[in-house]
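Chemist: no sequence for this one, just the structure:
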(Lines give C-alpha, C1' and ligand atoms only; values in the text may rest on other atoms or scores of the structure.)
Protein backbone atom coordinates (compact mmCIF):
# COMPACT_ATOMS: atom_id res chain seq x y z
CA UNK A 1 0.00 0.00 0.00
CA UNK A 2 1.32 3.41 -0.92
CA UNK A 3 0.05 6.76 0.16
CA UNK A 4 0.66 10.31 -0.88
CA UNK A 5 0.99 12.90 1.83
CA UNK A 6 1.71 16.58 1.79
CA UNK A 7 4.97 17.42 3.43
CA UNK A 8 5.17 20.87 4.87
CA UNK A 9 8.86 20.98 5.72
CA UNK A 10 8.70 24.17 7.76
CA UNK A 11 5.96 22.64 9.87
CA UNK A 12 7.78 19.36 10.29
CA UNK A 13 10.96 21.13 11.31
CA UNK A 14 9.04 23.00 13.97
CA UNK A 15 7.28 19.84 15.08
CA UNK A 16 10.22 17.50 15.43
CA UNK A 17 12.19 19.75 17.73
CA UNK A 18 9.43 20.38 20.23
CA UNK A 19 9.86 19.02 23.68
CA UNK A 20 11.72 21.42 25.90
CA UNK A 21 10.38 22.01 29.38
CA UNK A 22 11.42 25.67 29.26
CA UNK A 23 8.93 28.23 30.46
CA UNK A 24 7.25 30.58 27.99
CA UNK A 25 8.89 33.93 27.37
CA UNK A 26 7.33 37.25 28.37
CA UNK A 27 5.07 37.24 25.32
CA UNK A 28 3.56 33.95 26.51
CA UNK A 29 5.10 32.07 23.62
CA UNK A 30 7.31 29.08 24.39
CA UNK A 31 10.38 29.33 22.17
CA UNK A 32 10.70 25.52 22.16
CA UNK A 33 7.01 24.90 21.56
CA UNK A 34 4.48 22.55 23.11
CA UNK A 35 4.11 19.40 21.00
CA UNK A 36 1.03 18.05 22.80
CA UNK A 37 -0.91 21.31 22.49
CA UNK A 38 0.25 21.59 18.89
CA UNK A 39 -1.16 18.17 17.98
CA UNK A 40 -4.43 19.00 19.75
CA UNK A 41 -4.70 22.37 17.99
CA UNK A 42 -3.97 20.86 14.57
CA UNK A 43 -6.71 18.25 15.14
CA UNK A 44 -9.10 21.04 16.20
CA UNK A 45 -8.36 22.65 12.83
CA UNK A 46 -9.06 19.51 10.80
CA UNK A 47 -5.57 18.01 10.47
CA UNK A 48 -5.31 14.39 11.59
CA UNK A 49 -2.13 14.65 13.65
CA UNK A 50 -1.39 11.99 16.25
CA UNK A 51 0.11 12.93 19.59
CA UNK A 52 3.91 12.97 19.44
CA UNK A 53 6.16 10.32 20.93
CA UNK A 54 9.40 10.98 22.76
CA UNK A 55 12.33 10.52 20.38
CA UNK A 56 15.44 8.44 21.00
CA UNK A 57 17.68 11.52 20.92
CA UNK A 58 15.42 13.70 23.04
CA UNK A 59 12.63 15.95 21.93
CA UNK A 60 9.49 14.62 20.33
CA UNK A 61 8.68 13.09 16.96
CA UNK A 62 5.47 13.16 14.99
CA UNK A 63 5.02 10.03 12.94
CA UNK A 64 3.35 10.21 9.57
CA UNK A 65 -0.09 8.67 9.58
CA UNK A 66 -1.17 6.28 6.83
CA UNK A 67 -2.72 8.12 3.91
CA UNK A 68 -6.07 6.40 3.54
CA UNK A 69 -9.58 7.49 4.53
CA UNK A 70 -9.59 10.01 7.34
CA UNK A 71 -5.78 10.00 7.30
CA UNK A 72 -5.57 11.13 3.68
CA UNK A 73 -3.29 14.07 3.12
CA UNK A 74 -4.98 17.40 3.80
CA UNK A 75 -4.98 19.97 1.06
CA UNK A 76 -2.29 22.60 1.44
CA UNK A 77 -4.81 25.39 2.03
CA UNK A 78 -6.23 23.52 5.02
CA UNK A 79 -2.71 22.68 6.27
CA UNK A 80 -1.58 26.31 5.96
CA UNK A 81 -4.67 27.55 7.82
CA UNK A 82 -4.06 25.08 10.66
CA UNK A 83 -0.37 26.00 10.71
CA UNK A 84 -1.27 29.68 11.11
CA UNK A 85 -3.85 28.97 13.83
CA UNK A 86 -1.51 26.73 15.83
CA UNK A 87 1.87 28.36 15.35
CA UNK A 88 2.00 29.63 18.94
CA UNK A 89 2.59 26.00 19.97
CA UNK A 90 5.47 25.48 17.52
CA UNK A 91 9.13 26.11 18.12
CA UNK A 92 9.97 29.77 17.50
CA UNK A 93 6.28 30.52 17.05
CA UNK A 94 6.23 28.58 13.79
CA UNK A 95 8.89 30.73 12.18
CA UNK A 96 10.97 28.70 9.75
CA UNK A 97 14.56 28.18 10.82
CA UNK A 98 16.61 27.09 7.81
CA UNK A 99 18.78 24.06 8.47
CA UNK A 100 22.51 24.60 8.70
CA UNK A 101 24.66 23.42 5.78
CA UNK A 102 25.61 20.36 7.86
CA UNK A 103 21.96 19.56 8.56
CA UNK A 104 21.10 19.99 4.88
CA UNK A 105 23.84 17.52 3.97
CA UNK A 106 22.49 15.02 6.50
CA UNK A 107 18.95 15.32 5.11
CA UNK A 108 20.24 14.84 1.55
CA UNK A 109 22.21 11.78 2.67
CA UNK A 110 19.06 10.33 4.23
CA UNK A 111 17.14 10.89 0.98
CA UNK A 112 19.94 9.25 -1.03
CA UNK A 113 19.99 6.31 1.38
CA UNK A 114 16.25 5.78 0.85
CA UNK A 115 16.73 5.95 -2.94
CA UNK A 116 19.60 3.45 -2.68
CA UNK A 117 17.16 1.12 -0.93
CA UNK A 118 14.76 1.42 -3.87
CA UNK A 119 12.36 4.15 -2.74
CA UNK A 120 11.28 7.15 -4.80
CA UNK A 121 12.58 9.72 -2.30
CA UNK A 122 13.43 13.15 -3.76
CA UNK A 123 16.21 15.40 -2.56
CA UNK A 124 14.83 18.15 -0.33
CA UNK A 125 14.88 21.78 -1.39
CA UNK A 126 15.79 24.46 1.12
CA UNK A 127 14.61 27.78 -0.23
CA UNK A 128 11.94 30.43 0.14
CA UNK A 129 11.35 30.08 3.88
CA UNK A 130 10.17 26.50 3.74
CA UNK A 131 8.98 23.85 1.37
CA UNK A 132 5.76 22.08 0.65
CA UNK A 133 5.98 18.99 -1.48
CA UNK A 134 3.87 15.92 -2.08
CA UNK A 135 5.69 12.63 -2.28
CA UNK A 136 4.48 9.08 -2.61
CA UNK A 137 5.35 7.18 0.53
CA UNK A 138 5.73 3.45 1.02
CA UNK A 139 3.56 1.67 3.59
CA UNK A 140 4.85 3.28 6.78
CA UNK A 141 3.59 0.34 8.86
CA UNK A 142 5.66 -2.22 6.93
CA UNK A 143 8.50 -3.66 9.04
CA UNK A 144 10.98 -3.49 6.13
CA UNK A 145 10.16 0.19 5.54
CA UNK A 146 10.61 0.93 9.24
CA UNK A 147 13.97 -0.87 9.26
CA UNK A 148 15.12 0.89 6.08
CA UNK A 149 14.22 4.26 7.56
CA UNK A 150 16.07 3.41 10.76
CA UNK A 151 19.09 2.28 8.71
CA UNK A 152 19.01 5.65 6.92
CA UNK A 153 19.01 7.58 10.19
CA UNK A 154 15.28 8.31 10.16
CA UNK A 155 13.35 7.25 13.26
CA UNK A 156 10.09 8.08 11.52
CA UNK A 157 9.23 10.22 8.53
CA UNK A 158 9.13 13.45 10.52
CA UNK A 159 12.42 12.73 12.26
CA UNK A 160 14.59 13.27 9.24
CA UNK A 161 15.35 16.77 10.52
CA UNK A 162 15.52 18.24 13.98
CA UNK A 163 15.36 22.00 14.33
CA UNK A 164 16.73 23.87 17.28
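Modeler: Looks like it arrived, so ask away. Small disclaimer: the values here were computed from a predicted structure and weren't measured. Numbering: from 1, shown residues only.
Chemist: the closest residue to residue 153 other than its chain neighbours and residue 123, how far apart?
Modeler: Spatial nearest neighbour of residue 153, chain neighbours left out: residue 110 (5.4 Å); criterion: CB to CB, 6 or more residues apart in numbering. C-beta: built from backbone N, CA, C; applies to glycine. Taken as CB to CB, to the nearest Å, the spacing of residue 110 relative to residue 123 amounts to 10 Å.
Chemist: what of residue 88?
Modeler: Residue 88 sits 32 Å away from residue 123, taking CB to CB as the criterion.
Chemist: and residue 91, by the same measure?
Modeler: According to CB to CB, residue 91 stands 24 Å off from residue 123.
Chemist: residue 116 too?
Modeler: Computed as CB to CB, the residue 116 to residue 123 distance reads 13 Å.
Chemist: and what of residue 112?
Modeler: In terms of CB to CB, residue 112 sits 8 Å off from residue 123.
Chemist: same check, this time on residue 93
Modeler: Counting by CB to CB, the gap between residue 93 and residue 123 amounts to 28 Å.
Chemist: of the two, who's got more company?
Modeler: For residue 93 versus residue 123, the count of surrounding residues by other CB atoms under 10 Å is larger for residue 93: 15 against 11.
Chemist: which helices and strands sit right next to the longest helix anywhere in the chain?
Modeler: Longest helix in the chain by number of residues (criterion: DSSP state H): helix 101-116. Other helices and strands packing on helix 101-116, by 3 or more CB pairs under 8 Å, 6 or more residues apart in numbering; DSSP states H and E, are helix 143-151.
Chemist: could you rerun that using 6 Å?
Modeler: With contacts defined as 3 or more CB pairs under 6 Å, 6 or more residues apart in numbering; DSSP states H and E, helix 101-116 has no helix or strand neighbours.
Chemist: which SSE is residue 118 in?
Modeler: Residue 118 is part of no helix or strand, with elements assigned from DSSP states H and E.
Chemist: low-confidence regions, this structure specifically.
Modeler: The model of the chain has pLDDT under 70 over residues 1-31, 55-74, 127-135, 155-164.
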